[in-house]
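Colleague: Could you look at this predicted model? Sequence included:
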Amino acid sequence: MAPVGPRSGDAIFANVERVNAELFSLTYGAMVRQLLTDLEEVEEVNKQLDQMGYNIGIRLIDEFLAKSNVSSCADFKESADVIAKVGFKMFLGVTATVANWDADGTSCSLILEDNPLVDFVELPDTCQGLYYCNVLSGVIRGALEMVSMKTEVTWVRDMLRGDDAYELRVKLLKQVPEEYPYKDDE
Amino acid sequence: MIGVGKMKQYTNVLDKPLSKGKQEVSLSAFAFLFSELVQYNQTQVDNIAELERRLEDAGYAVGARVLELLCHRDKVADSLEKGTEHEDEYMISEKELLVNRFISVPKDMGTFNCGAFVAGIVRGVLDSAGFPAVVTAHFVPMEGQQRPRTTILIKFTEEVLRREARLG
């Protein structure tokens, strides 16, 4: 198996253009507030954020592959590692920790201690059911789907809800075999 | 002791120390997010003016907070000019506005400018600082350049001008 590319996204992050993280988190906050006003139901907002994340994920994977020099990962474990160390670093400037693997290696947790989405955020009582960072789970799901992995991504811990870290559970549902999309006679 | 055994590290967001503001995320992360913001708002409106107004509102929410933070500490615009024709108009121009970097406006959307978001930020800042103004974003074609530059036009309200005249 060809060796996977860089083990850390530091060098890539240093070379891409960057913007102020506060502008980023305030813009995200403004968007979430718009959604809350428009959709009214917290549950609907969670869904919409996940959908937006998915839209981002399916496009973001292209940029990730183009800039990261990562060749194909041997297994899901390696993929999780690359997302945590290279993916998060490259786009958000933070790294995640991979932990809590289950016995057959199909689900694990990505743990974030630093999260640029939540600067200045506190959930009011009326929004306790909101997964504020739900866009992230959508991004991961969308990006992995583009590289043939169907996953389910859920929140386990959320600092905005009083936990001590952000923990995303990523569960591999199905590895879709890669195939050439067109038949010869078409 | 009060607070012992609580899971939350800080009981209130205001208790947190304010970051230095040197943290960064990649420009593409911002561009992806902004693109979703625009696309979402597009589904909520029937016309361009409405879309620009919604983006401006989103920007306003950012601007009002930015002022407190002086977020754009190191961002210098390409030029700030006083309007030549009107006393009360100021313009900020940028060759390639951050939010317009990866945006191309379809022909059928006319003069739509994503700079409305930035205009909203500027209006939010000025308003919170006690300088209410009407702020709009415009494309200005540049000779010899493929892409137009964006000008943010600031028009202060009369009350600001009267006050300034009194103070000046």
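Modeller: Structure received.

Colleague: Longest helix in chain B, by number of residues?
Modeller: helix B:48-69 (DSSP state H).

Colleague: Wondering if that helix reaches chain A at all.
Modeller: Yes - counting by C-beta under 8 Å from any C-beta of the partner chain, chain A has neighbours in helix B:48-69: B:54, B:57-59, B:61-62, B:65-66, B:69. In this view, the C-beta of every residue, glycine as well, is placed from N, C-alpha and C.

Colleague: cool, stretch B:26-46 as well?
Modeller: Yes - Stretch B:26-46 is in contact with chain A by C-beta under 8 Å from any C-beta, via B:26-30, B:32-37, B:39-41, B:44.

Colleague: any idea which helix or strand comes after the helix-or-strand element of chain B with minimal mean pLDDT?
Modeller: Among the helices and strands of chain B, strand B:79-82 carries the lowest confidence by mean pLDDT, DSSP states H and E, at a mean of 59. Sequence order places strand B:89-94 as the next helix or strand after strand B:79-82, per DSSP states H and E.

Colleague: contacts for the helix or strand that contains A:E22?
Modeller: Assessed by DSSP H and E, A:E22 sits inside helix A:21-39. Residues outside helix A:21-39 that contact it (C-beta atoms under 8 Å, 6 or more residues apart in numbering or on different chains) are A:42, A:45, A:48-49, A:93, A:116-121, A:127, A:130, A:132, A:135, B:19, B:21, B:23-25, B:29-30, B:33-34, B:36-37, B:40-41, B:44, B:54, B:57-59, B:61-62, B:65-66, B:69, B:71-72.

Colleague: If you count neighbours, what's buried in stretch B:127-146?
Modeller: B:127-128, B:131, B:133, B:135-139 (16 or more other C-beta atoms under 10 Å in any protein chain shown).

Colleague: Mind checking the pLDDT average for that stretch?
Modeller: The pLDDT scores in stretch B:127-146 average 87.

Colleague: Output it as CSV, nothing but the C-alphas.
Modeller: C-alpha atoms of stretch B:127-146 as CSV (Å, rounded to 0.1, in the frame of the first residue of the first chain):
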residue,chain,number,x,y,z
ASP,B,127,-24.6,52.2,13.9
SER,B,128,-23.3,50.8,17.2
ALA,B,129,-20.7,53.5,17.3
GLY,B,130,-23.4,56.1,17.0
PHE,B,131,-23.0,57.0,13.4
PRO,B,132,-26.2,55.7,11.7
ALA,B,133,-25.7,55.5,8.0
VAL,B,134,-27.0,53.9,4.8
VAL,B,135,-24.4,51.5,3.5
THR,B,136,-24.5,49.8,0.1
ALA,B,137,-22.2,47.7,-2.0
HIS,B,138,-21.7,48.3,-5.7
PHE,B,139,-19.6,46.8,-8.5
VAL,B,140,-17.5,49.4,-10.3
PRO,B,141,-15.9,48.3,-13.6
MET,B,142,-12.2,49.0,-13.7
GLU,B,143,-10.5,49.8,-17.0
GLY,B,144,-8.2,47.1,-18.1
GLN,B,145,-9.3,44.6,-15.5
GLN,B,146,-11.4,41.6,-16.0
